[in-house]
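Student: What follows is a predicted structure for the sequence shown.
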Amino acid sequence: DVQLVESGGGLVQAGGSLRLSCAASGFTFGDYAIGWFQQAPGKEREAVSAIQNSDGRTWYTDSVKGRFSISSDRTKNTVYLQMNDLEPEDTGTYYCGAFADNNWYKRPDYWGQGTQVTVSS
């Protein structure tokens, strides 16, 4: 069975850092792009960052450029999101999603259960 398991969320003060992890199993890791998505309270889920496991290409939404960094460890089938200089607007549930064929121009084929990030001002 396909599984995406997020971890690393928590409560942090503004300016602090967190590292989220997305551990994948049940599919060929290198054939999938992995993305991170934020769902803030009362808002829709939005893409934050993504990485293609075929060639390492990355993407970031404008609001996190220079603060967040996505990376992939293919030996552990895990994608990380290093979140620095956190802002209260970064608060939300963070989900990872897996895109088949490394095609990130669509909705993910699989989702994790989410991890909560709360940034206090």
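Tutor: Everything's here; your move. Numbers count the residues shown, from 1 in each chain.

Student: doesn't residue 116 fall inside a strand?
Tutor: Yes: judged by DSSP: H, G, I helix; E, B strand; the rest coil, residue 116 forms part of a strand.

Student: Let me see the contact set for residue 17.
Tutor: Listed by CB atoms under 8 Å, 6 or more residues apart in numbering, the contact partners of residue 17 are 82, 83, 84, 85, 86. For the C-beta atoms, the positions are set from N, CA and C on the backbone; glycine is no exception.

Student: Those in strands, which ones?
Tutor: 82, 83 (DSSP state E).

Student: All the helices of the chain, residue numbers only.
Tutor: In the chain, no helices are defined using DSSP state H.

Student: that older thread, okay, the contacts of residue 17 in TSV with distance to residue 63, pLDDT and neighbour count next?
Tutor: Converted to TSV, the contacts of residue 17 look like this (distance: CB to CB, whole Å; pLDDT from 0 to 100; neighbours: other CB atoms under 10 Å):
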residue	distance to residue 63	pLDDT	neighbour count
82	16	98	15
83	12	98	27
84	13	98	14
85	12	98	13
86	12	98	22
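
Student: Relative to residue 95, which of the contacts of residue 17 is nearest.
Tutor: residue 83 (14.2 Å; CB to CB).

Student: before we move on, back to that, please render the contacts of residue 17 as CSV that adds distance to residue 5 to the earlier fields.
Tutor: Shown next, in CSV, are the contacts of residue 17 (distance: CB to CB, whole Å):
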residue, distance to residue 5
82, 18
83, 18
84, 23
85, 26
86, 22
